[in-house]
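> compute the structure for the input listed below.
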Amino acid sequence: MTIPWLMQTTVLPLLFLAVILAFVRLARGPSLADRVVAFDLLATLGIAILAAYAVASGQPAFLDVGLVLALVSFLSTVAFAQYIERGNT
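Prediction:
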């Protein structure tokens, strides 16, 4: 089984590194739009981590959690976009 070994040694650590970098952008973002994009990236990375863990562990239930997270992330991005468009920054 090469996939779980590759997931544990390469894919998951790189995804966690990307989470750290996205969190830095979320904390230091100069504008609200930068923070919204960083938050959306964090949600996408969370979905990728869940999908990689589902493949590595062989438990497809984590894919359902990722799907719910994707739906909530999409709705929150649309809400933030409407908030920014109205000029309430």
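> quick one: low-confidence ranges for this protein?
1-3, 88-89 (pLDDT under 70).
> at 80 what do you get?
1-8, 88-89 (pLDDT under 80).
> where exactly do the helices run in it?
In the chain, the helices defined using DSSP state H lie at 2-6, 12-28, 32-57, 61-85.
> just name the most buried of those helices.
helix 32-57 (a mean of 17; mean count of other CB atoms under 10 Å). Using the backbone N, CA and C atoms, a C-beta is placed for each residue, glycine as well.
> who are the packing partners of that helix?
Counting contacts by 3 or more CB pairs under 8 Å, 6 or more residues apart in numbering; DSSP states H and E, helix 32-57 packs against helix 2-6, helix 12-28, helix 61-85.
> contact partners for the nearest residue to Val72 once chain neighbours are set aside?
In this structure, Val72 finds its nearest non-sequential neighbour in Ala43, 7.8 Å apart by CB to CB, 6 or more residues apart in numbering. Contacts here follow CB atoms under 8 Å, 6 or more residues apart in numbering; on that basis Ala43 touches Leu69, Ala70, Val72, Ser73, Ser76.
> mind putting the helices and strands packed on helix 32-57 into a markdown table with distance to Ala48?
Formatted as a markdown table, the helices and strands packed on helix 32-57 follow (distance: least, CB to CB, whole Å):
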| stretch | distance to Ala48 |
| --- | --- |
| helix 2-6 | 14 |
| helix 12-28 | 6 |
| helix 61-85 | 8 |
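> of the ones you listed, which is nearest Ile49?
Taking CB to CB, helix 12-28 is the member of the helices and strands packed on helix 32-57 nearest to Ile49, at 5.1 Å.
> next one: that closest one to chain centre, how far?
Averaged C-alpha coordinates place helix 12-28 at 9 Å from its chain's average position (CA atoms, centre = their mean, to the nearest Å).
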